[in-house]
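Colleague: Got a predicted structure plus its sequence, pasted below:
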Amino acid sequence: MYSQKVMECFMNPQNVGEIENADGVGTVGNPKCGDIMKIYLQIEDNIIRDAKFKTFGCGAAIATSAMLTQMIKGKSIEEAMKVTNKAVADALDGLPPVKMHCSCLAEEALKAALWNYAERNGITIEGLTPPANHHEEDHAAAAEEN
Amino acid sequence: MIYLDHAATTPVKPEVLEAMLPYFTEHYGNPSSVYKIAQRNKKAIDDARAVVAGHLGAQPNEIFFTSGGTEADNWAIKGIAAALKEKGNHVITTNIEHHAVLHPCQYLEKQGYEVTYLEVNADGLVSAEQVEAAIRPETILITIMYANNEIGTIMPIAEIGAVAKKHGITFHTDAVQAVGQLPIDVRAQNIDLLSLSGHKFYGPKGTGALYIRRGLKLPPLLHGGGQERSRRAGTENVPGIVGLATALDLAYQDLEAKNAKLKALRDYLIDGIEARIPYCRLNGHREARLPNNVNVSFEFIEGESLLLLLDMEGIAASSGSACTSGSLDPSHVLLALGLPYEQAHGSIRFTLGENNTREEMDVVLAKLPPFVEKLRSMSPLYEDFVRQNS
Ligand SMILES: Cc1ncc(COP(=O)(O)O)c(C=O)c1O
Ligand SMILES: [Zn+2]
């Protein structure tokens, strides 16, 4: 079902954990749909110095969290803003179609953490909108299809 | 590999395969033809029918072969609804049925029927009293599963049968998980219709049967030739039918001894998990459950990720998490028990089989705790829990 890359990322995930006194923290997802992702950022001079995650979720959710944190480390906020869930999925050599839902969370969690950072510091990040939990709606839409 | 997913399907036993093979090649005749090689096939089907009937306490002419459990369920439910639509439009079932029963019931609702989905208690059981209380003048069918496929709970079928008989209502049971594992007597239990499936008891996939009590008016499922007494037309799946009957015979051989062994293994696994892993719960009643079923929720983690870790070690199990099924909702059965969503997502089902050993359970019990630990160390839910309790 999963690519080898996904399995590698899932079996030996990088950046699991918490950052004490993080500069930005974002949590997305909810227990209802089975994936919850929390991302911690340490940001200095506009650069993401460190990123860590905690995820309750399936193999895809854990692998995308790990991959996302790897991809954004060392990037500027502007560069990190350009990391999409598709880029994360591509870096994992793709995800099964039913799992795209889980991968969306990674991008959302990053945006939520950046929003938290912006709010704390009273700054605006171009293109960043407040995190909305779209999950409930996704849920209803997917249930329709079954 | 340690295969612990026997409720999903079972391997065909070598004896079963051997019994089937000649019917693909030498004995290829059409059972409806008159010449000798064909007549032998007709006899093979008759013999198989008698075997199946014997194990259910039924008569051979009450057994109709189908393509599996789903077909038998659909036939029974939609057939009775159509046959009795002048009499009433109300069906009683439970909220933990397999989709092969739930979806036909939902289909009936779209056609204007009314369906009562009885709610199971926290142990995953319904009572005959609940059934009786739901009966209305327009009730035409009670369809309640014999044993649940996810949590293994065994319903009080004889009591429900007695209620159905007292009120003159047709009673169907989806016995797909029970046949081959539990002794069944359709007469004593007042069952009018019963579905079974070959691949759950070491028979071939795509084979099954519906028991239809003699005299019950159930419209034909497939119109065509005269096969299955014109009620399920189409040239018979002779190797499949032979395989199903052979497997059923073997399943009921030494049943008590096999079940005693399975129960001991089951309880060993349950006790071992509970002793080694904190924050877990057994789903479904501890005693009124199939001898081979273990279903446990591990708090703070999600089922699919645990399944993947087990799979890497060659342990095959299944999960009620949404992410395994491709839908976003976790199992309706676990939610029906009143489990919160995160616990429903964090459940694992181990279903044992005749060939599993204590050594295999020891392997599972050794691997499971570090895997659960690993996933909990990644879980934001566990992080919150630890923080709140420190
Ligand atoms: C309780 C129950 N009913 C029905 C079915 C469907 O049986 P089949 O796969 O033979 O169509 C299953 C199998 O998954 C089952 O467990
Ligand atoms: Zn997921």
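Modeller: It's in. Ligands and ions are numbered 1, 2, ... in the order given.
Colleague: Pull the number of nearby residues for residue 48.
Modeller: Chain wasn't specified; assuming chain A. 24 (other CB atoms under 10 Å in any protein chain shown). Heads up, the C-betas are built off the backbone N, CA and C, glycines and all.
Colleague: wait, chain B
Modeller: 27.
Colleague: just residue B:287 next, same as before
Modeller: Neighbour count for residue B:287, taken as other CB under 10 Å: 8.
Colleague: again, but for residue A:83
Modeller: 19.
Colleague: Please apply the same query to residue B:9.
Modeller: 14.
Colleague: From what I see, it and residue B:198 are in contact.
Modeller: No. Using CB atoms under 8 Å, residue B:9 is not in contact with residue B:198, being 10.0 Å away.
Colleague: shared neighbours of these two, anything?
Modeller: Contact criterion CB atoms under 8 Å, 6 or more residues apart in numbering or on different chains; residues shared by residue B:9 and residue B:198: residue B:205.
Colleague: What residue in the stretch 51-200 of chain B comes nearest to ligand 2?
Modeller: As assessed by CB to the ion, ligand 2 sits closest to residue B:150 within the stretch 51-200 of chain B, at 19.4 Å.
Colleague: do you know how far that residue is from residue B:194?
Modeller: Distance of residue B:150 to residue B:194, computed by CB to CB, to the nearest Å: 20 Å.
Colleague: which one of those two has more residues nearby?
Modeller: Taking other CB under 10 Å, residue B:150 and residue B:194 do not tie; residue B:194 has more neighbours (29 against 26).
Colleague: so how many other residues sit close to residue B:96?
Modeller: Residue B:96 is flanked by 30 other residues according to other CB under 10 Å.
Colleague: what's the helix or strand hosting residue B:173 packed up against?
Modeller: Residue B:173 belongs to strand B:170-174 when assigned by DSSP states H and E. Applying 3 or more CB pairs under 8 Å, 6 or more residues apart in numbering or on different chains; DSSP states H and E, one finds that strand B:170-174 contacts helix B:69-83, strand B:139-143, helix B:157-167, strand B:193-197.
Colleague: That one to strand B:139-143, inter-axis angle?
Modeller: Strand B:170-174 and strand B:139-143 are oriented at 20 degrees to each other (axes from the mean of the first three to the mean of the last three CA atoms, to 10 degrees).
Colleague: Name the surrounding residues that touch strand B:170-174.
Modeller: Contacts to strand B:170-174, defined as CB under 8 Å, 6+ apart, come from residues B:69, B:73, B:76-77, B:80, B:84, B:97-98, B:100-101, B:140-146, B:155, B:157, B:160-161, B:164-165, B:190-195, B:216.
Colleague: One more pass at 6 Å, please.
Modeller: Residues outside strand B:170-174 that contact it (CB atoms under 6 Å, 6 or more residues apart in numbering or on different chains) are B:73, B:76, B:80, B:101, B:141-143, B:145-146, B:157, B:161, B:164, B:191-195.
Colleague: just stretch B:11-20 next, same as before
Modeller: Contact with stretch B:11-20 is made by B:202, B:204, B:239, B:242-243, B:246-247, as judged by CB under 6 Å, 6+ apart.
Colleague: do stretch B:71-90 as well
Modeller: By CB under 6 Å, 6+ apart, stretch B:71-90 touches B:66, B:100-101, B:104, B:108, B:113-114, B:136, B:138-141, B:143, B:170, B:172, B:174, B:193, B:195, B:208, B:210, B:217-219, B:221.
Colleague: What's the mean pLDDT across that stretch?
Modeller: Across stretch B:71-90, the average pLDDT comes to 98.
Colleague: Buried residues, it. List them.
Modeller: By 16 or more other CB atoms under 10 Å in any protein chain shown, the buried positions in stretch B:71-90 come out as B:71-81, B:83-84, B:88-90.
Colleague: Which ones, among those, also lie beside ligand 1?
Modeller: Residues of the buried residues of stretch B:71-90 in contact with ligand 1 (CB under 6 Å from any ligand atom): residue B:73.
Colleague: on that earlier part again, parallel or antiparallel, list what pairs with the strand holding residue B:173.
Modeller: According to DSSP bridges, strand B:170-174 has the following sheet partners: strand B:139-143 (parallel), strand B:193-197 (parallel).
Colleague: closest one to residue A:74 among these?
Modeller: Of all the strands paired with strand B:170-174, strand B:193-197 sits nearest to residue A:74, with 55.8 Å by CB to CB.
Colleague: Could I get the contacting residues of residue B:245?
Modeller: Residue B:245 makes contact with B:48, B:51-52, according to CB under 6 Å, 6+ apart.
Colleague: what do you get for residue B:364?
Modeller: By CB under 6 Å, 6+ apart, residue B:364 lies in contact with residue B:315.
Colleague: Ok, residue B:132 next?
Modeller: Applying CB under 6 Å, 6+ apart to residue B:132 gives the contacts residue B:163.
Colleague: Quick check: buried residues in the helix or strand it falls within?
Modeller: Element membership for residue B:132, per DSSP H and E: helix B:128-134. Neighbour-count burial for helix B:128-134, counted by 16+ other CB under 10 Å, picks out B:128, B:130-132, B:134.
Colleague: And for residue A:125, nearest residue in space, chain neighbours not counted?
Modeller: Excluding the flanking residues, the one nearest residue A:125 by CB to CB, 6 or more residues apart in numbering or on different chains is residue A:118, at 5.0 Å.
Colleague: Can you tell me how far that neighbour is from residue A:112?
Modeller: Here residue A:118 is placed at a distance of 11 Å from residue A:112 (CB to CB).
Colleague: Which of the two has more residues huddled nearby?
Modeller: Set residue A:118 next to residue A:112 and count neighbours by other CB under 10 Å: residue A:112 wins out with 24 against 16.
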